[in-house]
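Trainee: sequence unavailable; structure follows:
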């Protein structure tokens, strides 16, 4: 039982105030900057344009291309991560031979820095000297434009994302599988339910809350992808693989257009919020049925 001791506020509130100051001040400053025409290079005095930056962004084809590219990468990568991760988790939970070795090996990609993974991937997918194209040349096949063609470059980025972050899904789904009660499956076996029926009737419904959380986390994280794209393609060829975060980086740290970048950041926040709210609203009826 907690004591109603006023001294606890002396220890709690300083930390709370510091956290609020660190998080809220940049947010308010960024929101204020988004209403200004503000450049550092060339130095231009701040000028109030109100919603001018937002209007310019909404009329910018490059902005809509970045939204489409980011959404495409996020949904395809997360869908593959969930499908592969859940399948591998089911196999590991079934005590396959070498299960312990697989558990350690499958978690290694998640522990690596995304920049390091992207550097290795860029060398592997190099159109001229990469080992993949050299391997294909042994069979008389032509070099594939892995990073010089827009569609191939997107596929390579998605493949790297799936390789690195599927272990997170494996870890979460395996933890969920190991908490499921055995007596439910024993009752299903007495009813002669097949493995497929047990999966759709027991396993998948009971893991739906964990699945929803895993997909939501990975979806939000995938929308913030930048380092992998920056290292592998730099947003190219052209701007075909440019994501929202990379677009913001180009405008903010290369052109030093702070007002425009702040407006872009808030539009990104609004887009993420809409996607998150829509996702949770679609899932709520299904989750309430399982209670």
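Mentor: Received, thanks. All figures in this text were calculated on a predicted structure; none of them were measured in a lab.
Trainee: which parts of the stretch 1-150 of the chain are helices?
Mentor: Taking DSSP state H, counting those that start in this stretch, the helices of the stretch 1-150 of the chain run over residues 7-33, 52-58, 61-93, 99-111, 114-124, 131-137, 150-177.
Trainee: how far does the fourth one sit from its chain's centre?
Mentor: It stands for helix 99-111. Computed by CA atoms, centre = their mean, to the nearest Å, the chain-centroid distance of helix 99-111 equals 20 Å.
Trainee: most tightly packed of the helices of the stretch 1-150 of the chain?
Mentor: Stretch with highest mean neighbour count among those: helix 150-177 (a mean of 20; mean count of other CB atoms under 10 Å). Glycine gets a C-beta too; all of them are placed from N, C-alpha and C.
Trainee: related to what we said a few turns ago, of all the helices of the stretch 1-150 of the chain, which one is nearest residue 274?
Mentor: Smallest distance to residue 274 across the helices of the stretch 1-150 of the chain (CB to CB): 11.4 Å, for helix 61-93.
Trainee: secondary structure element for the residue nearest the centre of the chain, which one?
Mentor: In the chain, the residue lying closest to the centroid (CA atoms, centre = their mean) is residue 222, at 1.7 Å. Using DSSP states H and E, residue 222 sits in helix 208-223.
Trainee: what's around residue 284, how many residues?
Mentor: Close neighbours of residue 284, defined as other CB atoms under 10 Å, add up to 11.
Trainee: could you do residue 183 as well?
Mentor: 8.
Trainee: tell me the pLDDT at it?
Mentor: pLDDT, residue 183: 86.
Trainee: what helix or strand is it on?
Mentor: Going by DSSP H and E, residue 183 is part of helix 182-190.
Trainee: any idea how far residue 70 lies from residue 20?
Mentor: 30 Å (CB to CB, to the nearest Å).
Trainee: and for residue 49?
Mentor: Taking CB to CB, one finds residue 49 at 29 Å from residue 20.
Trainee: got it, and residue 68?
Mentor: 36 Å.
Trainee: with residue 277 instead?
Mentor: In this view, residue 277 and residue 20 are 24 Å apart by CB to CB.
Trainee: next: residue 28.
Mentor: 11 Å.
Trainee: residue 87 now?
Mentor: Residue 87 is 43 Å from residue 20, where distance means CB to CB.
Trainee: what separation is there between the spatially closest residue to residue 161 that is not a sequence neighbour and residue 219?
Mentor: Nearest-residue entry for residue 161: residue 77, 4.2 Å, with adjacent residues in sequence omitted and distances by CB to CB, 6 or more residues apart in numbering. Separation of residue 77 from residue 219 (CB to CB): 9 Å.
Trainee: same check, this time on residue 41
Mentor: Applying CB to CB to residue 41 and residue 219 gives a distance of 35 Å.
Trainee: neighbour-wise, which of these two wins?
Mentor: residue 219 (21 against 9).
Trainee: buried residues in the host helix or strand of residue 272, which are they?
Mentor: Per DSSP H and E: residue 272 is located in helix 258-289. Buried positions in helix 258-289, judged by neighbour count with 16 or more other CB atoms under 10 Å: 258-268, 275, 283.
Trainee: in this protein, which ranges drop under the pLDDT threshold?
Mentor: When residues are selected by pLDDT under 70, those of the chain lie in 1-5, 289-291.
Trainee: tell me the secondary structure at residue 180.
Mentor: With DSSP: H, G, I helix; E, B strand; the rest coil as the basis, residue 180 sits in coil.
Trainee: with adjacent residues omitted, what lies nearest to it?
Mentor: Nearest-residue entry for residue 180: residue 206, 5.8 Å, with adjacent residues in sequence omitted and distances by CB to CB, 6+ apart.
Trainee: try residue 188
Mentor: Leaving aside its chain neighbours, residue 188 sits nearest to residue 198 (5.1 Å; criterion: CB to CB, 6+ apart).
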